[in-house]
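**Student:** pasting a predicted model and its sequence here:
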Amino acid sequence: MVKKLMTVLLLTTALTLNLSAEPFAEGRLTDATLRLDYIFSGAYHDCDIAVAGIHKLDGWAGRRLNMKELAVQGDGQLTMTDAATGDTLYRMSFCTLFQEWLGTEEAHRTRKSFENVFLLPMPAAPVNVNVRLLDSRNRVSAEFSHPVDPADILIDPVDVSGKPECRLLHGDGNSRDRIDVVIMAEGYDRNDTGKFYSDAETAVRNLMSHEPFKSMQDRFNIIAAATVSEYSGVSVPRAGIWRNTALSSHFDTFYSDRYLTTGKQFRMHDLLAGIPYESIIILANADTYGGGGIYNLYTLASTGHPSFGPVVVHEFGHSFAGLADEYAYDGTAPADQTTDVEPWQQNITTKVDFASKWQDLYEQGTAGLVEGAAYQPKGYWRACEDCRMRTNAAPEFCPVCRRAVENMIRYLTEAL
């Protein structure tokens, strides 16, 4: 498994794989968090990146190993380098709601801006931070670099006095050795706190009933944060329903009925200040079917619908492991479909570079090639007829998705 993982990781430097090579062990990263707020804005083929704020917090809940590697390519990448030597200190990949919007028809006729927040380990000395966004053909669509000096007096310490009531639902709370997941309440008023904790426990039970989370559950901490909204429920624009909630989440994102998201990232991270976390699950107090999951951003799921259990696991597959949707829509594929480029998501392929995906499992008879994935009926393949990333009726992740999730867990917790 480790050998297979090393072929998946996008290694960008020849690194001696032991603790002494890691920036934390060298003292170049400290036990504190650098929070960088950005605005990504623009329109189709015209994107811009700008700094909106630089903040600091005590403690670091993210990974402490494999700091110079990416687990998967993502739709964007952030790299922090030492200003004096140019050495890479930390890298991460991500996806954004902004880049999803760029693929809509609306992006061809107007301009919009989106909030984005990234958490980095605080450097001990001045660094340079580079952020780049990639398009569907893996070309750089926007790039921005800027310095950060940890001694800068204008780096804003985040106020943690408003930290919400929290409850540890899983794990021992030791952030140094585990993956820290926080579950936030959205659309739960002060009388709904008990319901929120019950819904959060349901989410944990569903996650930990799926492999490989089940067999690797000792690598996770999960905390429930009872953030309070003024009103119960969330906004459903198509029904004319708008609610004043903690994160202003709403259905009908990009005019898709079941797509539930929030654009209030600055507020989201403000509310979580003082809580150790690296992955975020948001539970929406709503009966409407839907949710959303964006890699290294958040999972959002509606708790009142009967499909809540499988949906929260599916969406966490997106946000935690960068898995793609495996279902397809009827009809003709769009003219700009990029079937001549291998997608970075590990559970779909165009067969341009199948060897980088699950060709080994295919040759062993463990996984197959089934056409129809990534919303397209043709030109994209998945590994099995059904999977948690395809339907709510599927009882588990397919072998390819299980391996991708396990690889991510190992990347975050083991020296590779």
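**Tutor:** On my side now, so go ahead.
**Student:** where does the stretch 251-400 of the chain dip in pLDDT?
**Tutor:** Low-confidence segments of the stretch 251-400 of the chain (pLDDT under 70): 331-337.
**Student:** now do the helices in it.
**Tutor:** Applying DSSP state H, counting those that start in this stretch to the stretch 251-400 of the chain gives helices spanning 265-272, 308-321, 359-364, 399-413.
**Student:** by contact count, what packs against the third one?
**Tutor:** Put plainly, it is helix 359-364. Counting contacts by 3 or more Cβ pairs under 8 Å, 6 or more residues apart in numbering; DSSP states H and E, helix 359-364 packs against helix 399-413. All C-beta spots, glycine's among them, are computed from the backbone N, C-alpha and C.
**Student:** surely residue 143 is in a strand?
**Tutor:** Yes. With DSSP: H, G, I helix; E, B strand; the rest coil as the criterion, residue 143 is part of a strand.
**Student:** that one: neighbour count?
**Tutor:** 14 (other Cβ atoms under 10 Å).
**Student:** picking up where we left off before, can you tell me which of the helices of the stretch 251-400 of the chain is most buried?
**Tutor:** Mean neighbour count (mean count of other Cβ atoms under 10 Å) peaks for helix 308-321 among those, with a mean of 24.
**Student:** what helix or strand is residue 222 on?
**Tutor:** Per DSSP states H and E: residue 222 is located in strand 220-225.
**Student:** can you give the contact residues for that strand?
**Tutor:** The contact list for strand 220-225 (Cβ atoms under 8 Å, 6 or more residues apart in numbering) reads 163-175, 178-185, 196-197, 200-201, 204, 213, 271-272, 275-277.
**Student:** state the mean pLDDT of that strand.
**Tutor:** Mean per-residue pLDDT for strand 220-225: 98.
**Student:** quick check: buried residues in that strand?
**Tutor:** 220-225 (16 or more other Cβ atoms under 10 Å).
**Student:** that older thread, inside helices: which ones of the contacts of strand 220-225?
**Tutor:** Counting by DSSP state H, the members of the contacts of strand 220-225 that fall within helices are 196-197, 200-201, 204, 271-272.
**Student:** before we move on, the earlier item: give me the buried subset of the contacts of strand 220-225.
**Tutor:** By 16+ other Cβ under 10 Å, those give 164, 166, 169-171, 175, 178-185, 196-197, 200-201, 204, 213, 271-272, 275-277 as buried.
**Student:** which residues of the stretch 201-350 of the chain fall in strands?
**Tutor:** 220-225, 279-284, 291-294, 298-302 (DSSP state E, counting those that start in this stretch).
**Student:** quick one on the thing from earlier: got the helices of the stretch 251-400 of the chain as JSON lines, with distance to residue 236 columns?
**Tutor:** Output for these, formatted as JSON lines (distance: least, Cβ to Cβ, whole Å):
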{"stretch": "helix 265-272", "distance to residue 236": "20"}
{"stretch": "helix 308-321", "distance to residue 236": "16"}
{"stretch": "helix 359-364", "distance to residue 236": "41"}
{"stretch": "helix 399-413", "distance to residue 236": "30"}
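**Student:** so what strands line up beside the longest strand seen in the chain?
**Tutor:** Longest strand of the chain, by residue count under DSSP state E: strand 29-43. Counting by DSSP bridges, the strands paired with strand 29-43 are strand 46-58 (antiparallel), strand 112-123 (antiparallel).
**Student:** so of the ones you listed, which one's packed in deepest?
**Tutor:** Counting by mean count of other Cβ under 10 Å, the most buried of the strands paired with strand 29-43 turns out to be strand 112-123, with a mean of 20.
**Student:** among the buried residues of strand 220-225, find me the one that's closest to residue 357.
**Tutor:** The closest of the buried residues of strand 220-225 to residue 357 turns out to be residue 220 (Cβ to Cβ; 26.3 Å).
**Student:** partner residues bridging that closest one?
**Tutor:** With DSSP bridges as the rule, residue 220 is bridged to residue 179.
**Student:** sorry, back to before: quick one, the strand holding residue 222 and helix 265-272 angle?
**Tutor:** Interaxial angle of strand 220-225 relative to helix 265-272 (axes from the mean of the first three to the mean of the last three Cα atoms, to 10 degrees): 100 degrees.
**Student:** re earlier: so which of the strands paired with strand 29-43 is nearest residue 251?
**Tutor:** Closest among these, using Cβ to Cβ: strand 112-123, at 17.8 Å.
**Student:** next secondary structure after that closest one?
**Tutor:** As the chain continues past strand 112-123, the following element, by DSSP H and E, is strand 127-134.
**Student:** hmm, who's touching stretch 352-361?
**Tutor:** Against stretch 352-361 from outside (Cβ under 8 Å, 6+ apart): 4, 7-8, 339-342, 346, 349, 362, 367, 383, 399-400, 403.
**Student:** drop anything exposed from those.
**Tutor:** Applying 16+ other Cβ under 10 Å to the contacts of stretch 352-361 flags 8, 342, 346, 349, 362, 367, 383, 399-400, 403 as buried.
**Student:** farthest pair within those?
**Tutor:** Most distant of these, by Cβ to Cβ, are 342 and 399, 19.4 Å apart.
**Student:** any idea how far the closest residue to residue 200 other than its chain neighbours lies from residue 275?
**Tutor:** Once flanking residues are discounted, residue 200 sits nearest to residue 224: 4.0 Å by Cβ to Cβ, 6 or more residues apart in numbering. According to Cβ to Cβ, to the nearest Å, residue 224 stands 10 Å off from residue 275.
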